[in-house]
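A.B. asks: Here is my input, please return the structure:
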Amino acid sequence: MVREQYDSELSMPISKLLISFFILFVQFATLPLSYATTTADTIPNNIFMYHRFDDERYPSTNTTLNQLQEHLEYLTESGFKFIYLKDLIASPQDSKTISITIDDAYQSFYQTGLPVFEKYNVPVTLFLNTSSVGGSENLTWQELRDLLNRGVDIQNHTHSHPHLPDLDESGIRQEIELSQKLMQENLNITPNLFAYPYGEASAAAKNIVSEYFDAAFGQHSGAFSMNDPYFIARFPLNENYGDLNRIKDASIVLPFEDISISPSDPLMTTPTDRFVVDSTNGVEGINCYISDFQGSIDKTIATIENKMLIQLERSPVQGRLRFNCTQVKKGIYWYGFQYYLP
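C.D. replies: Residues are numbered from 1 along each chain as shown. Model prediction:
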């Protein structure tokens with residue numbers, strides 16, 4: 001059972017709520033974003049994301065050594081196959097898999113995390129922001145070359161790790177092209193995968209990223225799906241959200257066959273408190289937990305056909321707004337989405 005917190009529903013009369021949402025329903029009914037899978041996916045293939053290892057100064061991005069060993073021990077004993085992220089993207093898998101990703105290339109990965117992954121023969125994908133190379137807590141080019149020799153796949157995480165939606169088109173392209181150039185010159189590689197810094201994307205950024213890479217990844221929880229290949233979910237893990245129960249839950253979840261959210265642009269320049277979740281197979285039994293930097297947000301829900309109309313009880317604050325929607329049928333289905341409010 002997913003250990004996920006759900007907001008209590010409020011008591012607004014349903015007729016009043018339906019009227020208030022009618023215009024919103026018409027406006028968003030035809031928006032294109034979809035999270036569909038071509039066939040009903042009954043095999044879990046999910047992605048985990050780490051940052052630092054055994055660095056107690058930063059609990060929000062750190063995973064303890066004991067936690068990491070517990071994660072890998074459980075997944076190995078449970079019969080999961082570990083595969084490179086690039087292999088997961090390249091073709092459908094016929095067995096349950098986990099892909100491990102590391103963001104930001106800290107020394108703690110090289111010194112502490114990597115030996116554990118090697119002990120369990122786990123292939124790892126590292127997303128590198130090139131301006132950090134050689135910094136006091138980051139890897140050098142020589143250490144990065146050593147990682148390549150040891151089987152780590154290195155991919156792109158921009159040059160300076162900016163809030164990408166804040167940049168104009170020229171700025172986004174400069175971040176991508178400079179980092180690609182530096183990795184080609186120093187590592188002799190040309191990455192084909194991309195991870196958004198802070199998991200923050202926009203429709204404009206996604207379009208530009210798609211010109212350079214085969215897929216791109218956020219930092220929002222959710223089951224793996226290739227339907228939106230330039231905003232793919234990953235499960236973030238850290239000291240606070242890294243116990244074994246989370247691993248057990250996140251490893252087995254499945255993607256909805258067809259689900260989407262409106263507004264569909266991850267960049268929210270004008271805050272809104274109204275959203276539509278659309279699922280072709282119906283929204284009965286779908287529970288959505290919504291949160292921002294101030295915590296969970298209460299909501300009122302109404303349904304029209306296969307659409308869930310969501311009215312937040314307060315406007316989201318500046319920063320990141322996350323939706324986590326789950327449903328239990330013949331498996332546990334999890335859809336995640338993240339907005340960025342500058």
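
A.B. asks: which ones are touching residue 266?
C.D. replies: Residue 266 sits next to 165, 200-203, 206, 218, 231, 337-340 when contact means CB atoms under 8 Å, 6 or more residues apart in numbering. The way it works is simple: take the backbone N, C-alpha and C, and place the C-beta from them, glycine included.

A.B. asks: and the nearest residue to it once chain neighbours are set aside, what element?
C.D. replies: Counting by CB to CB, 6 or more residues apart in numbering, residue 201 is the residue found nearest to residue 266 once chain neighbours are left out, at 4.4 Å. Assigned by DSSP states H and E, residue 201 belongs to no helix or strand.

A.B. asks: All the helices of the stretch 1-150 of the chain, in order from the start?
C.D. replies: 14-28, 65-77, 85-90, 107-108, 114-119, 141-149 (DSSP state H, counting those that start in this stretch).

A.B. asks: What about residue 126, how many residues nearby?
C.D. replies: Neighbourhood size, residue 126 [other CB atoms under 10 Å]: 23.

A.B. asks: Confirm residue 278 sits in a strand?
C.D. replies: Yes - checked against DSSP: H, G, I helix; E, B strand; the rest coil, residue 278 lies within a strand.

A.B. asks: So in terms of bridging, what pairs with it?
C.D. replies: For residue 278, the beta-bridge partners are residue 260, residue 307 (DSSP bridges).

A.B. asks: So it sits against residue 304, correct?
C.D. replies: No - contact criterion CB atoms under 8 Å: residue 278 and residue 304 do not qualify, at 9.9 Å.

A.B. asks: Those two: which has the busier surroundings?
C.D. replies: Between residue 278 and residue 304, residue 278 has the larger neighbour count (other CB under 10 Å), namely 23 against 15.

A.B. asks: Local confidence estimate at the more buried one?
C.D. replies: pLDDT recorded at residue 278 is 96.

A.B. asks: which ones are touching it?
C.D. replies: 29, 259-262, 306-308.

A.B. asks: related to what we said a few turns ago, from the contacts of residue 266, pick the one nearest residue 103.
C.D. replies: Taking CB to CB as the measure, residue 103 lies nearest residue 218 of the contacts of residue 266, at 11.2 Å.

A.B. asks: For the closest one, which non-adjacent residue is spatially closest?
C.D. replies: Residue 218 sits nearest to residue 199 (CB to CB, 6+ apart), 4.1 Å away.

A.B. asks: Which strands or helices does the longest helix along the chain pack on?
C.D. replies: Counting by DSSP state H, the longest helix found in the chain is helix 169-187. Contacts defined by 3 or more CB pairs under 8 Å, 6 or more residues apart in numbering; DSSP states H and E place helix 169-187 against helix 141-149, strand 153-156, helix 203-209.
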